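Student: missing the sequence, but the structure's below:
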């Protein structure tokens with residue numbers, strides 16, 4: 001999830017179902033606390049950030065923290081987990097974004113979904129745009 005872009009996915013409205021409220025339990029908030037603690041030295045400041053988050057969501061984090069969380073794969077995984085987003089959905093969305101306009105993209109994406117279903121998403125975790133382009137090229141070459 002190297003190229004995870006939370007703001008992009010939130011803006012596209014693809015991560016959350018409309019009118020669906022996400023409930024954060026103590027365990028998920030403890031995990032979020034630990035993630036934020038990587039970027040905020042004082043635990044009382046972490047508590048303030050969590051209070052902002054609980055009051056207004058992601059956009060209420062301080063800009064400095066948001067900049068760090070936007071690039072943090074652990075935060076991306078936490079976010080996907082609390083919103084029940086499967087790695088398959090994230091991987092195929094990333095591949096589709098990186099390969100937009102390529103011929104036979106639908107065939108590649110169907111094959112990608114099937115590969116993830118059979119073998120798990122681990123082989124695609126951390127894929128960047130260049131990785132998707134390379135994988136697509138190999139897939140197309142093998143089809144010829």
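Tutor: Looks like it arrived, so ask away. As the structure is a prediction and not an experimental result, all values here were calculated from the model.

Student: how about residue 60: what's its closest non-neighbour residue?
Tutor: residue 52 (4.2 Å; Cβ to Cβ, 6 or more residues apart in numbering). Any C-beta I mention is one placed from the backbone N, CA and C, and that applies to glycine too.

Student: you'd agree that neighbour is up against residue 58?
Tutor: No: with contact defined as Cβ atoms under 8 Å, residue 52 does not count as touching residue 58 (9.7 Å).

Student: before we move on, the earlier item: contacting residues for the residue nearest to residue 60?
Tutor: Residues in contact with residue 52 (Cβ atoms under 8 Å, 6 or more residues apart in numbering) are 60-62.

Student: which one of those is nearest to residue 115?
Tutor: residue 61 (35.2 Å; Cβ to Cβ).

Student: residues near that closest one, how many?
Tutor: 19 (other Cβ atoms under 10 Å).

Student: can you check the pLDDT for it?
Tutor: At residue 61, the model reports a pLDDT of 94.

Student: surely it and residue 55 touch.
Tutor: No: applying Cβ under 8 Å, one finds residue 61 not in contact with residue 55, separated by 10.9 Å.

Student: can you pull out the low-pLDDT segments for the chain?
Tutor: Along the chain, segments meeting pLDDT under 70 span 1-23, 83-88.

Student: rewinding a little: now the residue nearest to residue 60: which helix or strand?
Tutor: Assigned by DSSP states H and E, residue 52 belongs to helix 43-56.

Student: list the buried ones in the helix or strand following that helix?
Tutor: Sequence-wise, the next helix or strand downstream of helix 43-56 (DSSP H and E) is helix 63-70. For helix 63-70, burial by neighbour count (16 or more other Cβ atoms under 10 Å) applies to 65-66, 68-69.
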